[in-house]
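In: next come a sequence and a model predicted from it.
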Amino acid sequence: MERRELLYKGKAKSVYYTDDADKLILHYLNDTSAFDGEKIEKLDRKGEVNNKFSAFIMQKLEEAGVPTHHEGLLSADEAVVKKMEMFPIECVVRNIAAGSVCKRLGIEEGIDLSPPTFEFFLKNDALHDPMINEYHIRTFGWADDEAVEKMKELTFKVNDTLTKLFADAGLLLVDYKLEFGRYKGEIYLGDEFTPDGCRLWDAETRKKLDKDRFRQGLGGVVEAYEEVAGRLGVDLS
Ligand code: ADP
Ligand code: UDP
């Protein structure tokens, strides 16, 4: 697999064309951003840790019957994926209240959400990723109804699989964001699943082991990601 020209430079990954028209390379960067890119830092090892972390999770999800774009690791900080037409939508499931839902609805952080709740956001930095609903998606044509149903179904299937996987490692999956796309007519999970895009707390102490350490200036960001990876059995060598 050969890396060709840059398709897109994102906040945490660069995306490259390859010699295969159906495949892309995701290059995971050390760049870390929060608050719509207001806070930016480079964190040593993060690109490699996230690349291997996401590959591990995508494999677990495949085994559980969630189709993903992941094809394989190319190097320590690069993965090969299916080249998809992405929906400009973020799917968020929350098992425990944290982050924007606390601010928006005045909910105390740490409260169990039962049943888990689901939110759609529009992927649009200029508009600060506003929350949207299914009517917006339909009216503005961001995805068809069948795709919306599939994204919801798969996002909850991910929840069933990953809450158990993390629980077995002594971790609470508080919330997470997924992105989906279309490849040859079918819907696949795309982008990444890493501690950059989810919240993970130690089940005993509730210590934060995700990007909130960066957002809140708690330090030990990549060390926390490595701790999670170690507990799950991700090979970081
Ligand atoms: P952002 O765009 O939010 O800054 P990243 O830095 O992670 O985020 O950039 C990666 C980009 O690649 C995202 O826009 C994401 O939607 C896109 N992407 C992820 N997986 C695929 C895929 N399989 N095919 C096409 N685009 C993808
Ligand atoms: N999230 C993300 N990208 C975004 C927005 C949110 O990965 O652009 C993740 C975030 O890390 C958390 C979940 O989605 O795990 C819910 O985020 P929330 O709505 O609470 O927003 P936040 O307050 O984290 O910005």
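Out: Yep, that arrived. Ligands and ions are numbered 1, 2, ... in the order given.

In: how many other residues sit next to residue 126?
Out: The local packing count at residue 126 equals 6, with neighbours defined by other Cβ atoms under 10 Å. (C-beta placed from N, C-alpha, C; glycine too.)

In: what's the answer for residue 146, then?
Out: A count of nearby residues for residue 146, using other Cβ under 10 Å, gives 9.

In: pretty sure it sits in a helix.
Out: Yes: applying DSSP: H, G, I helix; E, B strand; the rest coil, one finds residue 146 inside a helix.

In: contact partners for it?
Out: With contact set as Cβ atoms under 8 Å, 6 or more residues apart in numbering, residue 146 has no partners.

In: which residues of this structure lie near ligand 2?
Out: The chain comes close to ligand 2 at residues 90, 92, 99-101, 129, 175-177, 197-199, 211, as judged by Cβ under 6 Å from any ligand atom.

In: as a markdown table, the residues you listed with neighbour count, pLDDT and secondary structure would be great.
Out: Compiled in a markdown table, those are given as follows (neighbours: other Cβ atoms under 10 Å; pLDDT from 0 to 100; DSSP: H, G, I helix; E, B strand; the rest coil):
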| residue | neighbour count | pLDDT | secondary structure |
| --- | --- | --- | --- |
| 90 | 20 | 98 | strand |
| 92 | 20 | 99 | strand |
| 99 | 15 | 98 | coil |
| 100 | 14 | 98 | helix |
| 101 | 20 | 98 | helix |
| 129 | 15 | 97 | coil |
| 175 | 24 | 99 | strand |
| 176 | 23 | 99 | strand |
| 177 | 20 | 98 | strand |
| 197 | 20 | 98 | coil |
| 198 | 22 | 98 | strand |
| 199 | 21 | 99 | strand |
| 211 | 22 | 98 | coil |
